[in-house]
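Trainee: quick one: sequence and predicted model below, then my questions.
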Amino acid sequence: MKWFQKHIKLFIFICVLLSIFFIYKLNNKNNFNYTALGDSFALGKNSYGGVEYGYSDYIKDYLYEKKKLNRYIKSFATDTMSIEKLQEEISENEVITLNKEQINLKHTLRESKIITLSIGLNDLLYQISITDNMTEEKLDRIISEIEKSFTQLIKQMRKYYPYQIYVIGYYHFYLSNNILNQGITKLNQLYQKQEEVIYIPIDSLFKNHPEYLSNPNDIHPNHLGYEAISKKIISKIEKNLL
C-alpha cells in the first residue's frame, strides 16, 4: 500500500499516456499511409523541368478529404529511378529525411496501405539508347529483361508490403518514333498481364486531350494531365476504402 501511494503519480501518468495512445489508435484505425514510388512521373515533374502537383499529390488530397490519410510520402521517387535502382534502394534500406525525421524504405513499405508505382520508362529509354540497329526482335528482348526485373521487384516489395500495388502505365510520347511507341505499348502490356499489381492505363487520356501536354519538347504532363491520371487511379483505390 505504501509503495502504491509513493508511486501513484507515476501510475496516473502511465494511465493517461495509455489512454491517449488507445484513443489515437481508435481514431486512426481506418487511416492509410500512402507512398508514391518510381520515376519523374511519380515525383510530379512538369514539362519545364520543375516539380509541381503530381498525380500522387491529388491522391493525397482525395484521401485527406475522405479522412483516410495518415501519412503521405513521395520522397523516395526520383527523376532517374529505374527498376534496378529501386531494387537496390529496398535492399540497402534507403533513408530519407521527412519533416526532420529519418525514415527508411523498408519501414515505409511495412507501414503503407496504398502504394502507387511509375517505373520502367527509364529502363526502356536507356536500353533503346545503347542498342545499335534496333529491330523489333531486339526490342522484344529488352522488354523480356525488363519483365524479369519488374517481377523480381514486385517479389521484393511483397516481403514488406501485402496490399495493392497500383502500377501506372505510360502514354505514347513521340508519334514519329515507332520503336519507342512499340516499346511503350509492350511495356504497358507487360504491366497489364501482371497478376500481382493493379494496372492503370492512361494512354487514351492523352490521345483525347492534347491540352494535358504544355511543352511539345518534353514528355511530362501539366497539372491537368496529372489530375486526370489521379482520377483514373482513385477510381481503383476508392473500391478498397469501403
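Mentor: Looks like it came in fine. Numbers count the residues shown, from 1 in each chain.

Trainee: count of neighbours near Glu88?
Mentor: 11 (other CB atoms under 10 Å). Placement of C-beta: from N, CA and C, glycine included.

Trainee: that one is in what secondary structure piece?
Mentor: helix 83-91 (DSSP states H and E).

Trainee: what's in contact with the helix ranked longest in the chain?
Mentor: Taking DSSP state H as the criterion, the chain has its longest helix at helix 136-158. Helix 136-158 is touched from outside by 83-84, 86-87, 90-91, 109, 115, 119-120, 123-124, 127-128, 131, 165, 179, 182-183, 186-187, 190-191, 194, 196-197, with contacts defined as CB atoms under 8 Å, 6 or more residues apart in numbering.

Trainee: and the residues you listed, which of them are in helices?
Mentor: 83-84, 86-87, 90-91, 109, 123-124, 127-128, 179, 182-183, 186-187, 190-191.

Trainee: now those residues: which count as buried?
Mentor: Among the ones in helices among the contacts of helix 136-158, the ones that count as buried by 16 or more other CB atoms under 10 Å are 83, 86-87, 90, 109, 123-124, 127-128, 182-183, 186-187, 190-191.

Trainee: what's the helix or strand for Gln102?
Mentor: In the assignment (DSSP H and E), Gln102 maps to strand 101-104.

Trainee: and that strand, which strands flank it?
Mentor: strand 95-98 (antiparallel) (DSSP bridges).

Trainee: next up, the contacts around the residue lying closest to Asn215 once chain neighbours are set aside.
Mentor: Excluding its sequence neighbours, the residue lying closest to Asn215 (CB to CB, 6 or more residues apart in numbering) is Ser47, at 3.6 Å. Ser47 makes contact with Leu213, Ser214, Asn215, Asp218, Ile219, His220, Pro221, Asn222, according to CB under 8 Å, 6+ apart.
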